[in-house]
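Peer 1: sequence first, then the predicted structure:
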Amino acid sequence: MADAYLTGLRMLARRELSEAQLRLRLARRQFPPDDIEHAVDRLRGDRSLDDRRTALACARTEAHVKRRGRLRVLRQVEALGIAREVAAACVAEVFADIDEEALLARALDSRLRGGQTLDEPAAVRRVQRYLMARGFDAARVQAAIRRRRRGADERE
């Protein structure tokens, strides 16, 4: 039977995993709990396994590549099984150098690119739901939509 440490190391060579994810994957491969514990301790000791690094990598991907808002990024990081405090600190670190208003404006532009307007209340609600599902704060979403509608009114 394969060694849990080597199996974990191979898993981590392919992608960043949280400690919780690694434990689950090793358990699925039916390693004994003592072997899993020893492997996790050893991987944590040699810094192959680091929840903070995993949280930062996930938060960067979610924010910079997928362009999601702070709340959605936080949920995604926590979904990896990372402690709430670590997740919150890493998300705050990633968003420290992001202009959230510009990120929200780009998401709104993207949503309205197909010629959709904010003239109808139903359209406004759909856009609000979309942006909030992407993790943007409700108050910021409403403010961005108000600014966009005022800008459209001024152009007419």
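Peer 2: Perfect, I can see it now.
Peer 1: number of residues surrounding Thr7?
Peer 2: 19 (other C-beta atoms under 10 Å). Backbone N, C-alpha and C define where each C-beta goes, glycine included.
Peer 1: quick one: distance of the helix or strand where it lies to the chain centre.
Peer 2: According to DSSP states H and E, Thr7 maps onto helix 4-14. Here helix 4-14 is found 24 Å from its chain centre; the criterion is C-alpha atoms, centre = their mean, to the nearest Å.
Peer 1: I would like the residues contacting that helix, please.
Peer 2: The contact list for helix 4-14 (C-beta atoms under 8 Å, 6 or more residues apart in numbering) reads 17, 22, 25-26, 29, 31, 35-36, 38-40, 42-43, 48-49.
Peer 1: right, and Val40 touches Glu19 too?
Peer 2: Yes: at 6.2 Å, Val40 counts as touching Glu19 under the criterion of C-beta atoms under 8 Å.
Peer 1: who touches both of the two?
Peer 2: Common neighbours of Val40 and Glu19 (C-beta under 8 Å, 6+ apart) are Leu49.
Peer 1: now do the contacts for the residue most central in space within the chain.
Peer 2: Nearest to the mean C-alpha position of the chain, counting by C-alpha atoms, centre = their mean, stands Val73 at 2.9 Å. By C-beta under 8 Å, 6+ apart, the residues touching Val73 are Cys58, Ala59, Glu62, Ala63, Val91, Val94, Phe95, Gly135.
Peer 1: one more time with 10 Å, if that's ok
Peer 2: 55, 58-63, 66, 87, 90-91, 94-95, 98, 134-135 (C-beta atoms under 10 Å, 6 or more residues apart in numbering).
Peer 1: same check, this time on Arg53
Peer 2: Glu16, Ser18, Arg47, Cys90 are the contacts of Arg53 under C-beta under 10 Å, 6+ apart.
Peer 1: what's the answer for His38, then?
Peer 2: Here His38 is in contact with Asp3, Ala4, Tyr5, Phe31, Pro32 (criterion: C-beta under 10 Å, 6+ apart).
Peer 1: that one and Val73: what is the separation?
Peer 2: Distance, His38 to Val73, using C-beta to C-beta, to the nearest Å: 33 Å.
Peer 1: C-alpha coordinates for the helix or strand following the helix holding Thr7, PDB please?
Peer 2: Later in the chain than helix 4-14, the nearest helix or strand by DSSP H and E is helix 19-28. Output in PDB follows, covering the C-alpha atoms of helix 19-28 (Å, rounded to 0.1, in the frame of the first residue of the first chain):
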ATOM      1  CA  GLU A  19      -5.500  20.700   5.300                       C
ATOM      2  CA  ALA A  20      -9.200  19.700   5.400                       C
ATOM      3  CA  GLN A  21      -9.200  18.900   1.600                       C
ATOM      4  CA  LEU A  22      -6.100  16.800   2.000                       C
ATOM      5  CA  ARG A  23      -7.400  14.900   5.000                       C
ATOM      6  CA  LEU A  24     -10.600  14.200   3.100                       C
ATOM      7  CA  ARG A  25      -8.800  13.000   0.000                       C
ATOM      8  CA  LEU A  26      -6.500  10.700   2.000                       C
ATOM      9  CA  ALA A  27      -9.500   9.300   3.900                       C
ATOM     10  CA  ARG A  28     -11.200   8.600   0.600                       C
END
